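[1] Need the 3D shape of this:
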Amino acid sequence: LSFLPINTLWHRAMSSAATTAPSVDKVDGFSRKSVRKARQKRAQSSSQFRSQDKPIDLVQLPLLKDYSRKVKEVDVKHLWNFSTPWIILHELFLSVCLDVSAQEQPELFLKKLQQCCTLFDFLDTLSDLKMKEYKRSTLNELVDYVTLSRGYLTEQTYPEVVKMVSCNIFRTLPPSDSNEFDPEEDEPTLEASWPHLQLVYEFFIRFLESQEFQPSVAKKYIDQKFVLQLLELFDSEDPRERDCLKTVLHRIYGKFLGLRAFIRKQINNIFLCFVYETEHFSGVAELLEILGSIINGFALPLKAEHKQFLVKVLLPLHTVRSLSLFHAQLAYCIVQFLEKEPTLTEPVIRGLLKFWPKTCSQKEVMFLGELEEILDVIEPTQFVKIQEPLFKLIARCVSSPHFQVAERALYYWNNEYIMSLIEENSSVILPIMFASLYRISKEHWNPAISALIYNVLKAFMEMNSALFDELAANYKSDRQRERKKDKEREDLWRKLEELELRRGIQNKRIFNGQAVLADRMLLHKSSFWHDSRPQVLEKLVSTFMNEYFKDNSKVLSQALITLCMFTTHF
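    Here you go, the predicted model:
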């Protein structure tokens, strides 16, 4: 089979692709958000790509495996069809190449690893198309080789594998605009070089999962620095990359015993920085998933550092605004701890009550869901310790005007295990809940909530009818006393308003009388100046007393004060 027609078609396809005008996307000048998205996508892989002055040219190496059998399955007419895409032609060209001998495969494997250290600019969709496709096919070949081959892992292989993986995945992530980007609503910025990155991650995962993998040899190269760089990549906005990183870190944690404490410590630091400093880290959910499996493997009794991690790190994660992005994973970790150590139930529930949201109903619903998961695994002895503060909170949630909060709290009575705990402690719980339930059953605006409350009251009445009747009678008498107090309070306020009105009228008369007296004294100042002061006072008092002050002693005292001030002025 001649290679000349294939090469001719290859160059013809490449030349036609090179002469094709690039498509230019129109950018809406009035949409600031679309411009911001474009900027983020341009910056996403700029930190990884090293600019080249000339096109990258990789020497095509022989294949590691035998693809000669595929030639018989290839429809030869595709080789002479000018409409066949150039990518398919490239695959056909590779398929007719024979593999090398078994002795040459280890050396060829290392050469291919070195070739895959070359990076390409995926933001320029038309540059180095041939070499990009060649690297992609080489990475696919390496994945198959690591998966199916035996005896390829020598001591010289480990540093080359780690070097190739490090060159491709480790990079400085571009900063995200946290003021505008909303991870719950906006689409994440995807990594432009993902066609290569995906294969690199898959290769590394297969490498770690290989039966021939020796952690004792690999620990020289997969060290703390490598793990630290790996953890920094969890801040990538691309969820596909974070999912691959989660698998890689989990494999490293399982195989390298000496790195386990370091990994837990660094995750601890990431969470503390996230809670108390930045409140921005994209990979919190993935790290919590890893922690869930790690916690599940903790030996009993739990170490003090693990308990401190629960109380000081995991519980404060409930305070961040983006809790909805990772709450399911966080609740799973909390429940895993409580299944391991039931005595931690009391500090955990008290911590949740401490961080309970006051103004965000969405978070309150999430907290109620997590609390139900905890109550599903709680022991009766631990339930008794926290039932009073817990059901005071639940009573407040049932009384919430937000119907989703009230509904989520009332669903507790649909849980059989929680109902059994409530029934055992009904003498304590029923007095706490009765007043809120009885009042809301008559006042809540949502009829569905009222129906749920009636069912809860019916369940309480069946549990302890005598206590229920006693509480109902006490509630009615309390309501009558409250109405009486309300009426007395209204009467008192009405009397105070009337008294204030009378005082206002009286003060107005005093003020008017003082003003008139002062004016008269100033008018008579010249005529009384040569008289003695006692005579002045006597004339003033006798002139205006009967007219303005009459028999009111309080008004008279105010008038005398005015006269004294006037005489002092003289």
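[2] I'd like to check which residues are in contact with the residue nearest to Cys116 when sequence neighbours are not counted.
    Distance criterion C-beta to C-beta, 6 or more residues apart in numbering; nearest residue to Cys116, sequence neighbours excluded, is Met164 at 5.2 Å. C-beta here means a position set from N, CA and C on the backbone, and glycine is covered the same way. If a contact means C-beta atoms under 8 Å, 6 or more residues apart in numbering, then Met164 has 113-114, 116-117, 200 as its contacts.
[3] can you pick the most crowded of these?
    Within those, Cys116 tops the neighbour count with 24 neighbours, counted by other C-beta atoms under 10 Å.
[4] Now for that residue: which residues touch it?
    Applying C-beta under 8 Å, 6+ apart, the residues near Cys116 are 135, 138-139, 142, 164, 168, 200.
[5] Between those, which sits nearest His280?
    Of all the contacts of Cys116, Asn168 has the smallest distance to His280: 25.4 Å, by C-beta to C-beta.
[6] how about the CA coordinates for the helix or strand where the closest one lies, as PDB?
    Asn168 belongs to helix 157-169 when assigned by DSSP states H and E. Extracted C-alpha coordinates of helix 157-169, given in PDB (Å, rounded to 0.1, in the frame of the first residue of the first chain):
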ATOM      1  CA  THR A 157       9.600   5.800  33.900                       C
ATOM      2  CA  TYR A 158       8.300   7.400  37.100                       C
ATOM      3  CA  PRO A 159      10.100  10.800  36.800                       C
ATOM      4  CA  GLU A 160       9.200  11.100  33.100                       C
ATOM      5  CA  VAL A 161       5.500  10.400  33.800                       C
ATOM      6  CA  VAL A 162       5.400  12.900  36.700                       C
ATOM      7  CA  LYS A 163       7.300  15.500  34.500                       C
ATOM      8  CA  MET A 164       4.800  15.100  31.600                       C
ATOM      9  CA  VAL A 165       1.800  15.300  33.900                       C
ATOM     10  CA  SER A 166       3.200  18.300  35.700                       C
ATOM     11  CA  CYS A 167       4.000  20.200  32.500                       C
ATOM     12  CA  ASN A 168       0.400  19.800  31.300                       C
ATOM     13  CA  ILE A 169      -1.800  20.300  34.300                       C
END
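[7] quick check: mean pLDDT across it?
    Averaged over helix 157-169, pLDDT sits at 95.
[8] And that helix, how far out from the chain middle?
    When C-alpha coordinates are averaged (C-alpha atoms, centre = their mean, to the nearest Å), helix 157-169 and its chain have centres 33 Å apart.
[9] same thing with stretch 192-207?
    Computed by C-alpha atoms, centre = their mean, the chain-centroid distance of stretch 192-207 equals 28 Å.
[10] Provide the contact partners of it at residue level.
    Stretch 192-207 is contacted from outside by 41, 44-45, 48-49, 116, 119-120, 122-123, 132, 135-136, 139-140, 142-143, 146-147, 161, 164-165, 168-169, 191, 213, 238, 240-241, 244-245, 247-248, 251, using C-beta under 8 Å, 6+ apart.
[11] Quick check on those residues: which are buried?
    44-45, 48-49, 116, 119-120, 122, 132, 135-136, 139, 142-143, 146, 161, 164-165, 168-169, 191, 213, 238, 241, 244-245, 247-248, 251 (16 or more other C-beta atoms under 10 Å).
[12] tell me the mean pLDDT over stretch 464-480?
    Stretch 464-480 shows an average pLDDT of 87 in the prediction.
[13] now swap in stretch 327-338 and tell me
    Throughout stretch 327-338, pLDDT has a mean value of 96.
[14] Only the buried residues of that stretch, if you could.
    Using 16+ other C-beta under 10 Å as the test for burial, stretch 327-338 gives 327, 329-338.
[15] Residues contacting that stretch, please?
    Contact with stretch 327-338 is made by 285, 288-289, 291-292, 295-296, 302, 306, 310, 314-315, 317-318, 323, 344-345, 348, 366, 369-370, 373-374, 377-378, as judged by C-beta under 8 Å, 6+ apart.
[16] 7 Å instead, please
    Residues outside stretch 327-338 that contact it (C-beta atoms under 7 Å, 6 or more residues apart in numbering): 285, 288-289, 291-292, 295-296, 310, 314, 317, 344-345, 348, 366, 370, 373-374, 377.
[17] how many neighbours does Tyr438 have?
    Applying other C-beta under 10 Å, we find 17 residues neighbouring Tyr438.
[18] what's the pLDDT at it?
    We have a pLDDT of 88 for Tyr438.
[19] wait, doesn't it sit right on Tyr475?
    Yes. Counting by C-beta atoms under 7 Å, Tyr475 is a contact partner of Tyr438 at 5.7 Å.
[20] which helices and strands sit right next to the lengthiest helix in the chain?
    Ranked by residue count and defined by DSSP state H, the top helix of the chain is helix 465-523. Contact here means 3 or more C-beta pairs under 7 Å, 6 or more residues apart in numbering; DSSP states H and E; on that basis helix 465-523 packs against helix 426-443, helix 533-544, helix 553-569.
[21] Swap in 10 Å and give it another go.
    helix 426-443, helix 447-463, helix 533-544, helix 553-569 (3 or more C-beta pairs under 10 Å, 6 or more residues apart in numbering; DSSP states H and E).
[22] and stretch 397-406, how far apart are its ends?
    Across stretch 397-406, the terminal residues are separated by 6 Å (C-alpha to C-alpha, to the nearest Å).
[23] Tell me how far that stretch lies from the chain's centre.
    Chain-centre distance of stretch 397-406: 23 Å, with C-alpha atoms, centre = their mean.
[24] again with stretch 370-377
    Remark: stretch 370-377 is offset 21 Å from the chain centroid, using C-alpha atoms, centre = their mean.
[25] buried sites along it?
    Buried residues in stretch 370-377, defined by neighbour count with 16+ other C-beta under 10 Å: 370-372, 374-375.
[26] Next: stretch 339-350.
    Buried residues in stretch 339-350, counting neighbours by 16+ other C-beta under 10 Å, are found at 340-341, 344-345, 348-349.
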